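> just the structure for this:
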Amino acid sequence: MARRSLLIPEITTETRSWTTRITVTEDIPAITCGKNSKMKRYIFTDEKDNQVIATAWDFHIPYLVQKLYLFKVYDITYAHVKSVEAQYRILRNPYQWVLQRDTLIRPKAEVEPNLSCLLSNLTSFREIATNAGNLNNMDIMGVILVYANPTTVITDHGLKNIQRFTFVDMERIPISVTLWGEMKEIMSPILEEAANTLSVVVVRRLSPSKSKFKLIGLSLSAKNSSSFTINPPLELVFNLKSWIDSKTRQELEEFLVDQTITLLRNQLTQGSKKILTLAEIKTAEKNGDYWVKGLLQIATEEQKFFYLGCNNCSAKNKRK
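Numbers count the residues shown, from 1 in each chain. You can find the predicted model right below:
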């Protein structure tokens, strides 16, 4: 008698000798945990849209990378089931599976994959542009039009390597996504290639950027749990790709500039109560960031309107 394939919610720490059929819907980059450990995560989805995190550690990772591929269907048996504390969950499922070399993974090429969850929680670019501070764990779908060169910034936790990628969709609103540290090292080459080919990218679990280096209301940051999926075979993706392909790169870059200026102007108008004169800033009760509306005047070409300052006290750095 054939063993019944369980749904993901039926599998708990008490379940013994189980098999389930899943689609690999997300492939999250491997990251360093602690001093020497590597962790890689997948998101599995069953036929009823239930999901679970499947984790692989250290020397098991190379083996599983050769076994599991995005958008493919597999029968899984013998994964170790563990509870996940609430503060560490990135899905609603209170359990995760730990995959090892003895986990049975059988491909089911004849079965259609279930990818519906991949786009089920998309946040519109317009909502992000106006309400990003009140949102978290945002999913977006767009095309990367431009990307900045990698750079290093000073944060409260020291120097960090970052790179910014600017996404757009059919709403014609640019959204900047910043990659940090290890995620930047892994994903930047892939996203640069996606930008060069104007591929559609689905990014899951982004946070509002808390960095002082962000654009106001337009900037998101990737996390260690973020996933990046290039050109998933879904109708909404095809529609966006068709729209992008109908434009020339010059047209896309022109509206990118126009929309960025418009959004910043609108945000400045909405926050007009925060616009101060220079005299008011001098008498402000506390240090902070303020808007000033005025004309920048430089008496001579040699006159500087900026200087290198201390990150803590803003005092001018003197070169030796």
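> could I get the full set of helices for the stretch 1-150 of the chain?
When secondary structure is read from DSSP state H, counting those that start in this stretch, the stretch 1-150 of the chain shows helices at 60-65, 125-131.
> ah, wrong one, I meant the stretch 151-300 of the chain
Secondary structure of the stretch 151-300 of the chain, counting by DSSP H, counting those that start in this stretch: helices at 181-196, 235-245, 249-270, 278-282.
> what helices and strands are in contact with the second one?
For helix 235-245, the helices and strands in contact under the criterion 3 or more C-beta pairs under 8 Å, 6 or more residues apart in numbering; DSSP states H and E are strand 138-147, strand 200-208. Any C-beta I mention is one placed from the backbone N, CA and C, and that applies to glycine too.
> any weak-confidence spans in the stretch 1-150 of the chain?
Counting by pLDDT under 70, the stretch 1-150 of the chain contains low-confidence residues at 1-3, 132-133.
> go again with 80.
Residue ranges of the stretch 1-150 of the chain with pLDDT under 80: 1-3, 34-35, 129-135.
> list the contacts for residue 292?
By C-beta atoms under 8 Å, 6 or more residues apart in numbering, the residues touching residue 292 are 275, 276, 277, 278, 281.
> can you read off the pLDDT for it?
Turning to residue 292, the model gives it a pLDDT of 74.
> any idea how far it lies from residue 283?
For residue 292, the distance to residue 283 under the criterion C-beta to C-beta, to the nearest Å works out to 14 Å.
> picking up where we left off before, lowest-confidence entry in the contacts of residue 292?
Among the contacts of residue 292, pLDDT bottoms out at residue 275, giving 70.
> so how many other residues sit close to the residue lying closest to that residue once chain neighbours are set aside?
Computed as C-beta to C-beta, 6 or more residues apart in numbering, the closest residue to residue 275 that is not its neighbour in sequence is residue 291, at 4.5 Å. Neighbour count for residue 291, taken as other C-beta atoms under 10 Å: 14.
> residue 291 against residue 277, yeah?
No. Because the distance of 10.6 Å does not satisfy C-beta atoms under 8 Å, residue 291 is recorded as not touching residue 277.
> could you list the buried residues of stretch 173-185?
173, 174, 175, 176, 177, 178, 179, 180, 183, 184 (16 or more other C-beta atoms under 10 Å).
> ends of it, how far apart?
The stretch stretch 173-185 measures 27 Å between its terminal residues, going by C-alpha to C-alpha, to the nearest Å.
> what's the answer for stretch 150-158, then?
Terminal residues of stretch 150-158 are spaced 17 Å apart (C-alpha to C-alpha).
> any figure for the gap between the residue nearest in space to the middle of the chain and residue 56?
Closest residue to the average C-alpha location of the chain: residue 222 at 3.6 Å, with C-alpha atoms, centre = their mean. With distances taken as C-beta to C-beta, residue 222 is found 21 Å from residue 56.
> okay, now the spatially closest residue to residue 290 that is not a sequence neighbour: neighbour count?
Leaving out its chain neighbours, the residue that sits closest to residue 290 by C-beta to C-beta, 6+ apart is residue 276, at 5.0 Å. Per other C-beta under 10 Å, the neighbour tally for residue 276 reads 15.
> surely residue 276 and residue 291 touch.
Yes. At 6.9 Å, residue 276 counts as touching residue 291 under the criterion of C-beta under 8 Å.
> joint contacts of those two?
Taking C-beta under 8 Å, 6+ apart as the contact criterion, no residue touches both residue 276 and residue 291.
> ok, what's across the strand from residue 230?
Partner residues in beta bridges with residue 230, using DSSP bridges, are residue 201.
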